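I'll drop the sequence and a predicted model, then ask my questions.
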Amino acid sequence: MLAMPEPDPTVLARRESIVAALRARAGAAHVIAEPLRLKPYETDGFTAYKRIPLAVVLPETTAQVAACLRYCHEQGIRVVPRAAGTSLSGGALPLEDAVVIGVARMNRILEVSLEDRLARVEAGVTNIGITRAVEGEGFFYAPDPSSQLACMIAGNVAMNSGGAHCLKYGVTANNLLGVTMVTIEGDVIELGGGHLDTPGYDWLGLITGSEGQLGIVTEVTVRILRAAEGARAMLVGFGATDVAGAAVADIIASGIIPVALEFMDRPCIHACEAFAHAGYPLDAEALLIVEVEGSEAEQDALLDRLKAICARHNPTTVRVARNAEESAAIWKGRKGAFGAVGRISPDYLCMDGTIPPGSLPEAMRRIGTLSANYGLQVANVFHAGDGNLHPLILFDANDPESFRRAEMLGADILRLCVELGGCLTGEHGVGIEKRDLMTAQFNATDLAQQKRVKRAFDPRWLLNPHKVFPLDTAGTA
Amino acid sequence: MSAETIAPADEAGIAAAIGAAHAAGTPLAVWGNATKAAFGRPVQAAGAVSVRNLTGITLYSPAELVIAARAGTPVAEIEAALAAKGQHLIAEPPDLSALMGPGEGPPTLGGAVACNLSGPRRIALGAMRDHVLGVRAVNGTGEVITSGGRVLKNVTGLDLAKLLTGARGTLAVLTEVTLKVLPAPERTATVMLRGLDPARAVAALSAGLGSPYGVTGAAHLPAAAAARVGLPAAATLLRIEEFADFIPYRTGRLAETFAAHGGSEVLDHEASLALWRAVRDAAPLGAAPEDAVWRVSVRPSAGAEVAEALARGFEAKLFLDWGGGLIWVAGPATEAAHQAVTAAARAAGGTFWLMRADAGFRAAVGHLPEEPPPLAALTRRVKAAFDPKGILNPGRIFAGL
Ligand SMILES: Cc1cc2nc3c(=O)[nH]c(=O)nc-3n(C[C@H](O)[C@H](O)[C@H](O)COP(=O)(O)OP(=O)(O)OC[C@H]3O[C@@H](n4cnc5c(N)ncnc54)[C@H](O)[C@@H]3O)c2cc1C
């Protein structure tokens, strides 16, 4: 179990006056302090850890956010920014002495400009909400995390979220034009906007993926893209994971960048098939889903080339979708993968390391060994083109020993990712989950440099103080 | 560069030089080959440190779409290595030596990344900073720091790699950079519309960029700019880069889109390559040696208005890239011209860079818009977080910083 900083008793003792002050600043209706109504905010998508916060504020305006932050800063009260609470790394986990400031009620679309190919939205708009606002005109917002129905753009910016299509379209950072952010001192700053490449320091780049360490984002401007004429998927089964890995390398080296290139191993194939009946080949050791875009003729040409590349690796199955329905059928199993694994195991931990794609066979082999050593099953599903692994570790949450071993196995897998030249997290963030592993990837100098930057924004170390950086002896990160 | 430039052979040498400067509190100018010396405020420093001797590609894995090289490696060397495997730099960094003067050697990777200068493809596929996966650098106290890595997806910790990209050596000296790369297209072609005014041109560029045909370059050259690259009339250009067998269909569909704009023609591979190289390097600008040069970045839909405002304001030479969102401007290095650029960018909610001018002018005017006070305060604090004594490239971006 991960340690959390001790709550500050002097803050806990001031609870009532703090709540009153927040109500005065954000409006009484926007502040939650009743224990029962605080309960839904005690955790996020990383449900193993729970902490009931001091209070939750759900402001409706940037000015209210600013007033609350200025107050918390003056009073030395910790703040946990929150969007939809789907973080898988405990990024939105509260603390008992912290005020959660959530952007869920800031959910208006402020502007859509097809001419400029951008949308400006409040930070609590869901990821899918942006696409819904523009899809009638044939446009979409590209980064598409599997949680896109629920997760909000503020969370996406804070985590630099990706999705199945980022091999071609990039992650959040590559699709962001501007943000309005409130600093812990209560200053409202505009970073970027409708134009490209603001001179001066790359604040947008720094903010993206900063996990609520630097400020609270209240408005976001994103790039929207015109959708391709069409897309189609193919499914290829292989007799060994090494072979599938070699096929991935050949595809990329051929000059084709598919919009998606997803990998599943045998346990995952079986779980998904039992769940979704997508017609996945149960005899395969590894399966690739490859999707291409373009006109019908272009899709045919690309799929033919991909078939020829895969044919060199003795596939056990090749299924090319002939139309949108067949594509959807191929995706059905993959899209339900997390749910499917949830059915075969009471609980699972979803890991998120990245490896250089070339070391895929070695990674698979060594994850297999680790899984056997810990006596816990691991199902692998991941974005193969960019090496972002999602090993799902199956365990039983009713058995504390099983959970303890699952956490240790997860940590070993992430250390393996770093050892292979990769990193601890490709898209889910460090949060609390990987906080204590940061020293596996960064040395003390690197971490100290990052912390100095954090301190430049948050001198009193109040924003999400228990995350991203290993806790020091004082009990804060 | 000053006479006292030290150019260590390796990263440890850079770290030692900066460590010594930090201890002594002596400011240092930071260079690669100083090809972009004219871009930015002049640096007041007795000494200088150059990464020009840190050269060589340290990693290239085509199937993983990644290349890494030491900061002093010439961009051209990297481009050649990539071309040998059918790949290229995504952001198409410009070669501004015609505009900026020759420097003391070829443009380096460190300089290209530290200035975050991107070419026409930026509108479709992102800037240099979008493709920086990791860096090694030396901060202002002489410590070697790393950020990011060599994998395409990485959200571990604060993204200092992006922060250092574009920081022009004021936070840390880049010693090695890892970039994402992509397969180079098999072929390219350009759909060209003639004789449009800027407003109609930007509308056409918007239509092209908003089409499903994958436009990767969208520029407009008014008549004078077009003439400098051998085109007889104002030219509105939309580039397709694709597999050879996809090109006729895509250019054909784009041409249909533009039937209403008065028709179009298609420039094939060679002509297209030459034209976009010229656009990338700002050749159509025709800046006279004594001219100042600015880049203005606004929403594409504001591009035409900005161009017109500038033309009204002074003898501006200009052309538009990035779908109308980037306006390259050349004109007399006068306070009035600079004010006109500043005002036009501000009115359009955008921004600008003074790209080139003599040192006196660059020191006298803000070469970027001033930051509002809360942001300026963050700039100072973040600068201090890397370079507490302010010894790296003092004054290069903002006066007194
Ligand atoms: C089933 C499932 C599938 C998922 N699939 C993917 C996937 O495919 N790809 C992917 O990348 N992720 C995925 N995730 C992870 C998660 O959805 C993303 O990290 C998402 O971006 C979080 O958004 P959220 O709105 O839920 O943010 P939250 O969980 O509320 O917050 C996330 C982080 O952002 C900070 N934060 C929130 N709001 C703000 C703000 N306004 N300003 C500053 N910081 C703020 C929080 O403090 C926290 O650190 C998945 C999660 C689940 C449960």
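Here it is on my side, so go on.

Now do the contacts for A:Leu191.
The contact partners of A:Leu191, by Cβ atoms under 8 Å, 6 or more residues apart in numbering or on different chains, come to A:178-181, A:198, A:203-204, A:207, B:375. All C-beta atoms are positioned from the backbone trio N, CA, C, and that covers glycine.

Apply 6 Å and report the result again.
Going by Cβ atoms under 6 Å, 6 or more residues apart in numbering or on different chains, A:Leu191 touches A:179, A:203-204.

out of the residues you listed, which touch the ligand?
Here nothing survives when these are matched to the ligand using Cβ under 6 Å from any ligand atom.

quick one: which of these is nearest B:Trp328?
A:Leu204 (23.0 Å; Cβ to Cβ).

Pick out the residue of chain A closest to chain B.
Residue nearest to chain B within chain A: A:Gly205 (2.8 Å; Cβ to the nearest Cβ).

what's around B:Pro372, how many residues?
Neighbours of B:Pro372 under the rule other Cβ atoms under 10 Å in any protein chain shown: 12.

Equivalent analysis for A:Asp116, please.
Using other Cβ under 10 Å, A:Asp116 has 27 neighbouring residues.

How about the closest residue to chain A within the stretch 201-350 of chain B, nearest residue that isn't a chain neighbour?
Using Cβ to the nearest Cβ, the closest approach of the stretch 201-350 of chain B to chain A is made by B:Arg299 at 3.8 Å. Leaving aside its chain neighbours, B:Arg299 sits nearest to A:Gly194 (3.8 Å; criterion: Cβ to Cβ, 6 or more residues apart in numbering or on different chains).

Return the residues in contact with that neighbour.
Going by Cβ under 6 Å, 6+ apart, A:Gly194 touches A:116, A:118, B:299.

what residues does the stretch 51-200 of chain A put near chain B?
Taking Cβ under 6 Å from any Cβ of the partner chain as the contact definition, the stretch 51-200 of chain A meets chain B at A:114-116, A:160, A:162, A:174, A:187, A:189, A:193-199.

Narrow the residues you listed to just the buried residues.
A:114-116, A:160, A:162, A:174, A:187, A:189, A:193-199 (16 or more other Cβ atoms under 10 Å in any protein chain shown).

before we move on, back to that, show me which of the contacts of A:Leu191 are buried.
Counted by 16+ other Cβ under 10 Å, the contacts of A:Leu191 give A:179, A:203-204 as buried.

from the contacts of A:Leu191, which single one is nearest A:Lys335?
Among the contacts of A:Leu191, and counting by Cβ to Cβ, the member closest to A:Lys335 is A:Val179, at 29.4 Å.

List the backbone torsions phi and psi for that closest one.
phi -140, psi 150 (degrees, to the nearest 10).

For the stretch 301-401 of chain B, just list every one of the strands.
For the stretch 301-401 of chain B, strands defined by DSSP state E, counting those that start in this stretch occupy the ranges B:317-321, B:326-331, B:351-356.

Could you do the stretch 101-250 of chain B as well?
For the stretch 101-250 of chain B, the strands defined by DSSP E, counting those that start in this stretch cover B:132-139, B:144-148, B:172-183, B:187-194, B:215-221, B:235-242.

Most widely separated two among the residues of the stretch 51-200 of chain A next to chain B?
Across those, no pair lies farther apart than A:Leu114 and A:Asp187, at 32.8 Å, counting by Cβ to Cβ.

Quick one: residues contacting the residue nearest the centre of chain A.
Centroid check for chain A by Cα atoms, centre = their mean gives A:His428 as the closest residue, at 3.4 Å. Residues near A:His428 by Cβ under 6 Å, 6+ apart: A:88-89, A:352.

how does chain A divide up, domain by domain?
As assigned by automatic domain parsing, chain A contains the domains A:9-105, A:109-226, A:231-338, A:345-419.

Any idea how many residues pack against B:Ala226?
Residues contacting B:Ala226 under the criterion other Cβ under 10 Å number 22.

and what of A:Glu262?
25.

Please apply the same query to B:Ile327.
Count around B:Ile327 with other Cβ under 10 Å applied: 30.

With adjacent residues omitted, what lies nearest to it?
Nearest residue to B:Ile327 in three dimensions, chain neighbours excluded: B:Val296, at 4.3 Å (Cβ to Cβ, 6+ apart).

just checking, what packs against the helix or strand harbouring the one you found?
Remark: B:Val296 resides in strand B:292-297, with elements defined by DSSP states H and E. When contacts are defined as 3 or more Cβ pairs under 6 Å, 6 or more residues apart in numbering or on different chains; DSSP states H and E, strand B:292-297 packs onto strand B:326-331, strand B:351-356.

so for that strand, what's the average pLDDT?
Strand B:292-297 shows a mean pLDDT of 98.

ok so, going back, for the ligand, see how far away the residue nearest to the centre of chain A is.
5 Å (Cβ to the nearest ligand atom, to the nearest Å).

what's the first-to-last distance across stretch B:48-60?
31 Å (Cα to Cα, to the nearest Å).

Next, the residue lying closest to B:Pro8 once chain neighbours are set aside: phi, psi?
Excluding the flanking residues, the one nearest B:Pro8 by Cβ to Cβ, 6+ apart is B:Ile14, at 5.2 Å. Main-chain dihedrals, B:Ile14, degrees, to the nearest 10: phi -60, psi -50.

what about stretch A:83-96, how long is it end to end?
Stretch A:83-96 stretches 18 Å from its first residue to its last (Cα to Cα).

ok, residues contacting it?
Outside stretch A:83-96, the residues that touch it by Cβ under 6 Å, 6+ apart are A:7, A:44-46, A:49, A:51, A:53, A:78, A:80, A:82, A:100, A:103, A:147, A:150-152, A:154-155, A:211, A:350, A:428-429, A:431-433.

from the residues you listed, which would you call buried?
For the contacts of stretch A:83-96, a burial check counting by 16+ other Cβ under 10 Å picks out A:7, A:44-46, A:49, A:51, A:53, A:78, A:80, A:82, A:100, A:103, A:147, A:150-152, A:154-155, A:211, A:350, A:428-429, A:431-433.
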